[in-house]
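# predicted model, plus sequence, below.
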Amino acid sequence: MSAYSVNGQTVEHDEEGYITNLSDWSKDLAEVIAKEENIDMTEEHWAVVNFLREYYDEYQIAPAVRVLIKAIKKSMGPEVGNNKYMYELFPYGPAKQACKIAGLPKPTGCV
Amino acid sequence: MSDVKKFLYVNRKAPYGTIYALESLEVVLIGAAFEQDVSLAFLDDGVFQLTKGQKTDGIGVKNFSPTFRALGDYEVTKLYVEKESLEERGLTEDDLQEIMYEDEDDDWEEKPSIRIVSRAEMADVMADQDVVLSF
Amino acid sequence: MATLHTVNKSPFANQSLLSCLNHVKDGDSVLMIEDGVYGGLAGSGLSDAVAAKAGSVQVFVLQEDLEARGIDAGRLIDGVTAVGYDGFVNLVAETDRTQAWL
């Protein structure tokens, strides 16, 4: 598969599932990508995804996972901003999986 | 922590004419994961990388100047900028964007990452490194 | 704690050699390679700047790059020495760090 289907539209993505055109993103698309990743989007998931989008908007990069966790800890508290909780939310890696759902490129340094 | 080495990334090229500047920044971000003592040096045309007001929509390339402001999150907090290089190009510190970091050891106080240094001081910074990476 | 500086661009094309000479410390070495070897030519507009540093720092050019460009070692600035690849390797091994001026 090389495209997501959302509300009758197709949105292209690369071989790993990251969308090709960042402006194609929508909340509905995020739900579709999350489903592909076997993630049920909760309020906590959304908080992380929204944080990532704001970070990207400000700095033009998706943060590395340790930067993400540190920043989440600072803005949302240690209950959310810790490794264990973040990996519970996004089992295949918060930076990688959450970035994909947030419609951002793969984080720099992530292989 | 005895194996922490001092790494200096030397930036001497303007941002968009070649790929050097963007490549350097990406290597810095990736390298930050290795928790070394990282500094960045900006001299010659490299000082143009830090100017404020960059807007690249018209040339179809990504504006990566905002990314310098994220370096503090990666614990990269020493950006040495050479005074003579600025002056030769008719620039002053006011032409550079503000780049801050939060000092973990000082109650998260916001401090400037950019340090303007003379050519002689820049030579000292370079001579004080374990590894120098040039871009 | 000496540094080996390499310069691989012609000094007539950009500022790398001059910037390098402006940042070297006494006891450092400068090695001109590739198009950088043109910086070793005597009688050029930049020879004086190189000669002025050749006392406090050691200045080398890579023999193979000179030969490739048809430059006889006799055309070099006094105090500038040609070395081969083995000499290049020795310089890297003898110094504490290498810094490239691109």
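Okay, I see it. Numbers count the residues shown, from 1 in each chain, chains lettered A, B, ... in the order given.
# quick check: B:L86 is in a strand.
No: B:L86 is assigned helix when assessed by DSSP: H, G, I helix; E, B strand; the rest coil, not a strand.
# tell me where the chain has helices.
Using chain A here. A:27-36, A:43-59, A:65-76, A:83-89, A:99-101 (DSSP state H).
# can you look at chain C instead?
Under DSSP H, chain C gives helices at C:16-23, C:47-53, C:63-68, C:85-94.
# equivalent analysis for chain B, please.
B:20-31, B:83-88, B:119-127.
# mind checking the ones you listed for the one nearest to chain A?
helix B:20-31 (3.8 Å; C-beta to the nearest C-beta). To be clear about C-beta, it is placed using only N, CA and C from the backbone, and glycine gets the same treatment.
# just name the shakiest helix or strand of chain A by mean pLDDT.
Sorting the helices and strands of chain A by mean pLDDT, DSSP states H and E puts helix A:65-76 at the bottom, at a mean of 85.
# CA atoms only for it, dumped as CSV, please.
What follows is helix A:65-76, C-alpha atoms only, in CSV (Å, rounded to 0.1, in the frame of the first residue of the first chain):
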residue,chain,number,x,y,z
VAL,A,65,12.7,10.6,21.4
ARG,A,66,14.7,11.7,24.4
VAL,A,67,14.1,15.3,23.5
LEU,A,68,10.4,14.6,23.1
ILE,A,69,10.2,12.9,26.5
LYS,A,70,12.0,15.6,28.2
ALA,A,71,9.9,18.3,26.7
ILE,A,72,6.6,16.4,27.4
LYS,A,73,7.8,16.0,31.0
LYS,A,74,8.3,19.7,31.3
SER,A,75,5.0,20.8,29.7
MET,A,76,2.7,17.9,30.9
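# run through who's touching stretch B:87-107.
B:45, B:47-48, B:50-52, B:65, B:68-69, B:71-72, B:77, B:79, B:81, B:86, B:108-114, B:116 (C-beta atoms under 8 Å, 6 or more residues apart in numbering or on different chains).
# hmm, 6 Å instead?
Here stretch B:87-107 makes contact (C-beta atoms under 6 Å, 6 or more residues apart in numbering or on different chains) with B:50-52, B:68-69, B:72, B:77, B:108-114, B:116.
# need the helices of chain A in JSON lines with mean neighbour count and distance to chain C, can you?
Shown next, in JSON lines, are the helices of chain A (neighbours: other C-beta atoms under 10 Å in any protein chain shown; distance: least, C-beta to the nearest C-beta, whole Å):
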{"stretch": "helix A:27-36", "mean neighbour count": "16", "distance to chain C": "41"}
{"stretch": "helix A:43-59", "mean neighbour count": "17", "distance to chain C": "27"}
{"stretch": "helix A:65-76", "mean neighbour count": "18", "distance to chain C": "28"}
{"stretch": "helix A:83-89", "mean neighbour count": "15", "distance to chain C": "36"}
{"stretch": "helix A:99-101", "mean neighbour count": "26", "distance to chain C": "33"}
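# which one of those lies closest to C:R75?
Among the helices of chain A, the nearest to C:R75 by C-beta to C-beta is helix A:43-59 (51.6 Å).
# and the direction of the closest one versus that of helix A:65-76, what angle?
Angle of helix A:43-59 versus helix A:65-76, following axes from the mean of the first three to the mean of the last three C-alpha atoms, to 10 degrees, is 110 degrees.
# before we move on, back to that, which one of the contacts of stretch B:87-107 sits closest to chain A?
Distances from chain A to those, taken by C-beta to the nearest C-beta, are shortest for B:R69, at 6.1 Å.
# what distance do you get for that closest one to A:Q60?
Using C-beta to C-beta, to the nearest Å, B:R69 is found at 9 Å from A:Q60.
# mind showing which ranges of chain C have poor pLDDT?
Along chain C, no part satisfies pLDDT under 70.
# looking at the helices of chain C, which is buried most?
Per-stretch averages of neighbours, counted by mean count of other C-beta atoms under 10 Å in any protein chain shown, single out helix C:16-23 among the helices of chain C, with a mean of 22.
# quick one: distance of it to the chain centre.
Its chain's C-alpha centre and that of helix C:16-23 lie 10 Å apart, by C-alpha atoms, centre = their mean, to the nearest Å.
# same question for stretch B:40-47.
8 Å.
# ok, and what's touching that stretch?
By C-beta under 6 Å, 6+ apart, stretch B:40-47 touches B:8-14, B:79-82, B:85-86, C:15, C:19.
# at 8 Å instead, please
B:8-14, B:21, B:28, B:49-50, B:71, B:76, B:78-82, B:85-86, B:89, B:91, B:96, B:119, B:122, B:125-126, C:15, C:19, C:23.
# pretty sure C:T6 is touching C:I33, no?
Yes: counting by C-beta atoms under 8 Å, C:T6 touches C:I33, with 5.7 Å between them.
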